[in-house]
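1. The sequence isn't on hand, but the structure is:
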């Protein structure tokens with residue numbers, strides 16, 4: 001068992017870290033304060049091939065593996081949670097369905113521009129009444145006859161969609177009928193941003209991740225050609241379950257990045273901040289918090305990397321991905337909260353970045369399936385029982 005990163009992975013890690021610290025870190029504060037989407041930075045990442053890291057070369061991507069992708073998301077998130085989320089949503093949720101279920105023609109038209117960084121992607125799954133219960137989708141799509149097989153007309157709305165208003169291509173789920181057992185038949189569709197009948201609603205004013213765009217999508221007689229159905233009719237539910245399995249790896253990696261940022265801030269502060277005539281890190285109360293942070297972060301990173309490795313090996317990774325996402329996200333919340341505690345009053349004000357880390361980390365316990373959903377997934381797999 002070799003636990004060292006390969007030369008290629010280590011080089012990618014140092015390259016992304018250097019770029020983020022040197023080029024991106026100076027602009028984070030202004031973008032977060034102004035709640036401004038970092039279009040210029042995202043374009044730079046696209047030029048460097050970092051918006052399609054795990055996508056094959058012939059589909060417009062960098063042709064690297066899932067571990068490389070997890071490493072990159074961690075390093076991006078370590079400096080800027082908003083940017084990490086933007087990239088993760090684009091790659092896992094925007095590009096991922098096209099890579100998994102797209103035809104050769106769909107990949108050429110839609111995936112290549114996305115994976116090569118020219119077009120940003122987004123995934124429209126969540127609805128006001130369908131969050132953890134994604135099977136409760138109410139958005140509908142009806143088929144209408146016409147030339148070249150006719151078209152699909154989509155009606156409904158989505159909410160809490162990352163990259164809303166910034167993406168050029170959206171992958172959305174909709175009910176196309178009912179199955180024999182009465183459950184919803186859910187299919188997936190490719191919706192370009194300029195499609196008539198499609199519009200972006202309000203953008204959310206969020207607790208954290210202020211420079212990322214999260215908003216509503218509305219479909220009002222939104223007509224797409226039959227060519228834009230992604231996968232077969234009724235295969236949307238199965239596709240999004242597979243996409244979420246992989247997306248959990250990226251959210252786990254983002255959580256590790258935020259936790260590492262908190263530790264990176266807490267250690268030098270504990271070494272230099274003095275109380276009672278000595279560094280606060282020399283007191284067990286603080287030192288033990290640092291020890292717990294470091295230990296849990298290392299364990300979380302190992303779980304994320306294991307899930308990525310299993311996926312790269314073509315093995316069943318769903319259980320470990322859920323475990324990694326669950327553990328890393330909760331470690332991130334604990335670590336970022338501990339960093340504020342180490343900083344004391346200074347941790348509560350915006351002069352120091354640790355309060356931002358804590359606000360950003362909370363999303364990782366909610367997005368891509370809440371912690372409760374992850375526990376449900378894990379328990380079902382381990383117990384082999386139907387748990388509700």
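-> Yes, it's here. Remember, it's a predicted structure, so these values are computed and weren't measured experimentally.
2. now for the host helix or strand of residue 295, which elements pack on it?
-> Here residue 295 sits within helix 284-312, counting by DSSP states H and E. Packing contacts for helix 284-312, counted by 3 or more Cβ pairs under 8 Å, 6 or more residues apart in numbering; DSSP states H and E, involve helix 66-79, helix 236-272, helix 318-343. Every C-beta, even on glycine, is put in place using the N, C-alpha and C of the backbone.
3. Can you spell out which helices and strands pack onto the last one?
-> Translated: helix 318-343. Against helix 318-343 (3+ Cβ pairs under 8 Å, 6+ apart) you get helix 236-272, helix 284-312, helix 354-362, helix 371-383.
4. For residue 86, which of the ones you listed is the nearest?
-> Nearest to residue 86 among the helices and strands packed on helix 318-343 is helix 236-272; the distance by Cβ to Cβ comes to 10.4 Å.
5. Distance from the chain centre to that closest one, please.
-> Here helix 236-272 is found 9 Å from its chain centre; the criterion is Cα atoms, centre = their mean, to the nearest Å.
6. Partner strands of the helix or strand just after it, with direction?
-> As assigned by DSSP H and E, the chain's next helix or strand after helix 236-272 is strand 274-275. Using DSSP bridges, strand 274-275 pairs in its sheet with strand 278-279 (antiparallel).
7. Can you give the contact residues for the partner strand?
-> 270, 271, 272, 273 (Cβ atoms under 8 Å, 6 or more residues apart in numbering).
8. if you set the cut-off to 10 Å instead, what comes out?
-> Strand 278-279 has contacts (Cβ atoms under 10 Å, 6 or more residues apart in numbering) with 269, 270, 271, 272, 273, 286, 287.
9. that older thread, now the helices and strands packed on helix 318-343 as JSON lines including distance to residue 17, mean pLDDT and mean neighbour count?
-> Putting the helices and strands packed on helix 318-343 into JSON lines (distance: least, Cβ to Cβ, whole Å; pLDDT from 0 to 100; neighbours: other Cβ atoms under 10 Å) gives the following:
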{"stretch": "helix 236-272", "distance to residue 17": "10", "mean pLDDT": "96", "mean neighbour count": "24"}
{"stretch": "helix 284-312", "distance to residue 17": "14", "mean pLDDT": "98", "mean neighbour count": "19"}
{"stretch": "helix 354-362", "distance to residue 17": "17", "mean pLDDT": "98", "mean neighbour count": "24"}
{"stretch": "helix 371-383", "distance to residue 17": "28", "mean pLDDT": "97", "mean neighbour count": "16"}
